[in-house]
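Visitor: Here is the input, now give the coordinates:
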Amino acid sequence: MQGVDFSGRRQQNGGCKPYLCRDGDLDLSDASAIANTDKYLARELQSLSIDELERVYEEIHGVAKTVEEDPKFVEEKLESLEGELKKIKDKTAYERALFLSPRYVRDPLFRKMFLRADSFDVRKAAARMINYFQYKMELFGEEKLVKKITLEDLTPDDMDELMSGSFQFLEEKDRCGRAVCFLMQRLVRYKTWQSKLRTVWYSIMSALENDDEAQKNGIVNIYYSVDLGSIEPLYIDLVRRIRIINDSLPYRNACTHYCYNNPAIQPALNILQLVAGKDNRVRFRTHIGSNMECQFSLMTFGLPNYILPLDDYGNLKEGVMENFIAKRKAIEAADAEAREGRIDYPNKMDILLGRGKPYQEYHGNAVLSTILNDRRDEYNNASRFEKTVISYDIVKRVHESKGRFIQRDEASGGWVIVPEAVAREKVSSGFRTRSRRQEEHTNSSRMQGRHSVIGEPGTHHRQKRIKMEQQYNIFK
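Guide: Predicted coordinates:
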């Protein structure tokens, strides 16, 4: 892909549109579309087959059957997914992730999440996976491309938005065992949409990890806008951007409920439905009324009011997000302890031992290359003992910048720290390589200068042939 486009436009990717091959987007510049959303929705429902319509209603009410995951069936789908991934040509971020941590990218449990998100449609799952890494790199940077995103990866502004509770997953699931995402627009306080999207990414992935039921059954969304004065245009733009992120994360939207009591926001609500896309639009249900009326209506869809994080006045209960953060910190601390001594992926300043373009282009290796170039003359003019000191000093500088000299561990698929003697040899080898290239360049320049004076063998005949060809081209 040519960069990441969060504007909602589709992009081509090896013959498959990476925006998850979705269709059914409506033109928001069409005023009639906005004013007649119900008609468009009715038309879309009528276009569905009986089986598709039944599936939609079953998912809305939480009684849809999930795909039977026979071990042999899953294994075949994983093999097919690998084949589809190879067919996609434009996958820069995916290939970078595969280089950094093949164990992470090829983990069957990780890949199974993408298959479940698209009901084991391998073509859509492959496109979703490509997008996942592309958008993750855009939001969090290459150094976190193959890292499980934790609270430590969020900026202070991200944490402030997360603590607002405007986007959260409820502690309890609905009566059908589905995870419930709760959104309150009046609580948002993000400063940039990138910051908001990082909190959305973190929240969704935290809810999905190690939860097979959430992966299989999908997620229920509740937009709770009772007592909301208006829907800001920027919020609608944010929903469009969130849709792109959600279509790249490994989860399926089972249904969406929108609760409100202000008829004045109906036009903006229509736009929200339009930007949701056809797949989500047919699973969209609205509830209008007071707090009590909306909560009673949600109960008919298996969403009891006691699971909602609201008090009797429709406000967010105190301590909800503090409890969430405390639990996440405990989970992430346990994960970090379990990984103690294991290197799943390099950090930004690590020096990767290996050959090839991916190694040369890695940030830490590029920094080391700059250091070697700067100190090349000093190294070449040094004694043998002084060269050892210079190599040791460079290794020390790398360690002081929190870098490590590591190489791939083929057995585990991760990385291991090499002994200090090997690290010094890596530095010394880099100096020797530069000296050899400089010598080859000098010799080549001398030979070219010599040929320019005495002429190369056959130069006269070659020039004569070129002159004849030029004459032929002129008169052709």
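
Visitor: use CA for all of it now, contacts and neighbours both
Guide: Noted.

Visitor: Phi, psi for residue 356 please.
Guide: With angles defined as degrees, to the nearest 10, residue 356 sits at phi 120, psi 170.

Visitor: mind showing which ranges of the stretch 101-250 of the chain have poor pLDDT?
Guide: When residues are selected by pLDDT under 70, those of the stretch 101-250 of the chain lie in 233-236.

Visitor: so where do the helices sit in it?
Guide: For the stretch 101-250 of the chain, helices defined by DSSP state H, counting those that start in this stretch occupy the ranges 102-106, 108-117, 122-140, 156-164, 193-208, 212-217, 233-246.

Visitor: With respect to residue 146, which of those lies nearest?
Guide: Nearest of those to residue 146, taken as Cα to Cα: helix 102-106 at 6.6 Å.

Visitor: which strands and helices sit next to that closest one?
Guide: Packing contacts for helix 102-106, counted by 3 or more Cα pairs under 8 Å, 6 or more residues apart in numbering; DSSP states H and E, involve helix 92-100.

Visitor: circling back to that earlier point, out of the helices of the stretch 101-250 of the chain, which comes closest to residue 278?
Guide: Of the helices of the stretch 101-250 of the chain, nearest to residue 278 by Cα to Cα is helix 233-246, at 11.7 Å.

Visitor: buried set for the closest one?
Guide: Residues of helix 233-246 classed as buried: 236, 237, 238, 239, 240, 241, 242, 243, 244, 245, 246 (neighbour count, 16 or more other Cα atoms under 10 Å).

Visitor: quick one: which of those residues is nearest residue 180?
Guide: Comparing these against residue 180 with Cα to Cα picks out residue 246 as the nearest, at 14.5 Å.

Visitor: For that closest one, which residues are in contact?
Guide: Listed by Cα atoms under 8 Å, 6 or more residues apart in numbering, residue 246 has no contact partners.

Visitor: need the strands for this structure, in chain order.
Guide: Applying DSSP state E to the chain gives strands spanning 167-169, 179-183, 219-225, 253-260, 284-288, 351-353, 405-408, 415-417.

Visitor: ok so, going back, with distance to residue 381 as extra columns, can I get the helices of the stretch 101-250 of the chain in TSV?
Guide: As requested, these are exported to TSV (distance: least, Cα to Cα, whole Å):
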stretch	distance to residue 381
helix 102-106	42
helix 108-117	52
helix 122-140	43
helix 156-164	49
helix 193-208	50
helix 212-217	62
helix 233-246	55
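
Visitor: Can you give me the distance of the most centrally placed residue in the chain to residue 144?
Guide: What sits nearest the mean C-alpha location of the chain, by Cα atoms, centre = their mean, is residue 136, with 2.5 Å. Noted for residue 136: a distance of 8 Å to residue 144, by Cα to Cα, to the nearest Å.

Visitor: deepest of the helices of the stretch 101-250 of the chain, which one?
Guide: helix 122-140 (a mean of 23; mean count of other Cα atoms under 10 Å).

Visitor: So what angle separates the directions of it and helix 92-100?
Guide: 80 degrees (axes from the mean of the first three to the mean of the last three Cα atoms, to 10 degrees).

Visitor: Need the CA coordinates for helix 122-140. CSV is fine.
Guide: Extracted C-alpha coordinates of helix 122-140, given in CSV (Å, rounded to 0.1, in the frame of the first residue of the first chain):
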residue,chain,number,x,y,z
VAL,A,122,-9.5,-16.8,4.0
ARG,A,123,-9.4,-14.1,1.3
LYS,A,124,-11.0,-11.5,3.6
ALA,A,125,-8.9,-12.7,6.6
ALA,A,126,-5.7,-12.2,4.6
ALA,A,127,-6.6,-8.7,3.6
ARG,A,128,-7.6,-7.9,7.2
MET,A,129,-4.2,-9.1,8.4
ILE,A,130,-2.3,-7.1,5.9
ASN,A,131,-4.2,-4.0,7.0
TYR,A,132,-3.7,-4.8,10.6
PHE,A,133,0.1,-4.5,10.4
GLN,A,134,-0.1,-1.5,8.1
TYR,A,135,-2.3,0.5,10.4
LYS,A,136,-0.5,-0.6,13.5
MET,A,137,2.7,0.7,12.1
GLU,A,138,1.1,4.0,11.3
LEU,A,139,-0.4,4.4,14.8
PHE,A,140,2.4,3.1,17.0
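
Visitor: what angle separates it from helix 193-208?
Guide: If you take the same axes, to 10 degrees, helix 122-140 sits at 130 degrees to helix 193-208.

Visitor: Check which helices and strands helix 122-140 is in contact with.
Guide: On a contact count with 3+ Cα pairs under 8 Å, 6+ apart, helix 122-140 meets helix 71-87, helix 92-100, helix 108-117, helix 193-208.

Visitor: Give the buried residues for stretch 283-291.
Guide: 283, 284, 287, 288, 289, 290, 291.

Visitor: how much space between the residue lying closest to the last one once chain neighbours are set aside and residue 305?
Guide: Read that as residue 291. The shortest distance from residue 291 to any non-neighbouring residue, by Cα to Cα, 6 or more residues apart in numbering, is to residue 314 (6.1 Å). Residue 314 sits 11 Å away from residue 305, going by Cα to Cα.

Visitor: one step back: let's have the buried residues of stretch 283-291 in TSV, adding pLDDT and distance to residue 204.
Guide: Below are the buried residues of stretch 283-291 laid out as TSV (pLDDT from 0 to 100; distance: Cα to Cα, whole Å):
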residue	pLDDT	distance to residue 204
283	86	19
284	88	19
287	93	24
288	93	27
289	93	29
290	93	29
291	93	26
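
Visitor: possible to save the residues you listed as TSV with distance to residue 179?
Guide: Formatted as TSV, the buried residues of stretch 283-291 follow (distance: Cα to Cα, whole Å):
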residue	distance to residue 179
283	16
284	17
287	20
288	23
289	24
290	24
291	22
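
Visitor: of all those, which comes closest to residue 51?
Guide: Nearest member of these to residue 51, counting by Cα to Cα, is residue 283, at 14.8 Å.

Visitor: Compare the helices and strands packed on helix 122-140 and give me the one nearest residue 364.
Guide: helix 92-100 (12.9 Å).

Visitor: quick one: buried residues of that closest one?
Guide: For helix 92-100, the neighbour count (16+ other Cα under 10 Å) marks 93, 94, 95, 96, 97, 98, 99, 100 as buried.

Visitor: follow-up on the earlier one: doesn't residue 294 make contact with the residue nearest to residue 291?
Guide: No. Residue 314 lies out of contact with residue 294 (Cα atoms under 8 Å); the separation is 10.5 Å.
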